[in-house]
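Student: pasting the structure only:
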């Protein structure tokens, strides 16, 4: 495939469609960029050759014009000297230079058109290359983000972390068990305190009943006296 047909394929290509079909978009983008850069180098080389050709044609046109002018001067000189034969020969040479100059100008025009086309193609190729590099950067950013997220997720689901969390739960259960033992020692205290107060109230009631009984049974006092 020639450089110009390859460049045409690249310029007319749809990068999005290529990436959608690719199993490894990152690799495809790298290949696309490499192909574009290689093609751009070749196209620039072709443009450099075109510019050199244009300069050479301009130089040859100037030379042909000078030669034509010189043969014109010689033809005029021959006429002044009465040498029509030499004048005819000089005019024939002038005609040959004029024809050569016309051909060179046509070639120069074609080279100019080719350079203009190359300039447009280079600009289009550079736009495609910039787009591809932008997509490469975006893909690299996405890949970096996805890689970091994957690492974070893998660490979250790491068995070592699960084991560590399990050990925390084990320690928490041990602490709860110790706290339960402490609270167990206090379970009967409130009950004992309630009993003591109940005993005090019972004793007061009994003492009162005892005093009343003694008062009723004391000598010299009627049995039914209060």
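Tutor: Thanks, I have the structure now. The shown structure was predicted, so the numbers you read here are calculated from the model rather than taken from an experiment.
Student: so which strand or helix has the residue most central in space within the chain?
Tutor: Central residue of the chain (C-alpha atoms, centre = their mean): residue 138, 2.2 Å from the mean position. Secondary-structure element containing residue 138, defined by DSSP states H and E: helix 84-156.
Student: so how far is that helix from its chain's centroid?
Tutor: 29 Å (C-alpha atoms, centre = their mean, to the nearest Å).
Student: Show me what that helix is packed up against.
Tutor: helix 3-12, helix 15-21, helix 25-80 (3 or more C-beta pairs under 8 Å, 6 or more residues apart in numbering; DSSP states H and E). All C-beta atoms are positioned from the backbone trio N, CA, C, and that covers glycine.
Student: Low-confidence stretches in the chain?
Tutor: The model of the chain has pLDDT under 70 over residues 1-25, 152-166, 168, 170, 181-194, 219-226.
Student: And it, what are its domain boundaries?
Tutor: What automatic domain parsing lists as the domains of the chain is 3-156, 159-187, 189-226.
Student: okay, those, which one's buried deepest?
Tutor: Neighbour counts (mean count of other C-beta atoms under 10 Å) averaged over each of the domains of the chain peak at domain 3-156, with a mean of 14.
Student: circling back to that earlier point, tell me what angle the helix holding residue 138 forms with helix 25-80.
Tutor: Relative orientation of helix 84-156 and helix 25-80, computed by axes from the mean of the first three to the mean of the last three C-alpha atoms, to 10 degrees: 170 degrees.
Student: separation between residue 70 and residue 167?
Tutor: Per C-beta to C-beta, to the nearest Å, residue 70 is found 105 Å from residue 167.
Student: likewise residue 214?
Tutor: Using C-beta to C-beta, one obtains 72 Å as the distance from residue 214 to residue 167.
Student: now do residue 207
Tutor: Note on residue 207: its distance to residue 167, by C-beta to C-beta, is 62 Å.
Student: Give the phi and psi angles for residue 82, as a check.
Tutor: Per-residue torsions, residue 82: phi 80, psi 20 (degrees, to the nearest 10).
Student: can you tell which of the helices and strands packed on helix 84-156 is closest to residue 94?
Tutor: helix 25-80 (3.7 Å; C-beta to C-beta).
Student: Which elements pack onto the closest one?
Tutor: So helix 25-80, by 3+ C-beta pairs under 8 Å, 6+ apart, packs with helix 3-12, helix 15-21, helix 84-156.
Student: can we see that at 6 Å?
Tutor: In terms of contacts (3 or more C-beta pairs under 6 Å, 6 or more residues apart in numbering; DSSP states H and E), helix 25-80 is packed against helix 3-12, helix 84-156.
Student: Residue 40: which of those helices is closest?
Tutor: Once the helices and strands packed on helix 25-80 are compared by C-beta to C-beta, helix 84-156 is nearest, at 5.5 Å.
Student: can you list the helices and strands packed on helix 84-156 in TSV and add distance to residue 148?
Tutor: What follows is these, written out as TSV (distance: least, C-beta to C-beta, whole Å):
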stretch	distance to residue 148
helix 3-12	34
helix 15-21	22
helix 25-80	16
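Student: To residue 87, which of these lies closest?
Tutor: Shortest distance between residue 87 and the helices and strands packed on helix 84-156, using C-beta to C-beta, is found for helix 25-80: 3.9 Å.
Student: chain center to that closest one, what's the gap?
Tutor: Its chain's C-alpha centre and that of helix 25-80 lie 42 Å apart, by C-alpha atoms, centre = their mean.
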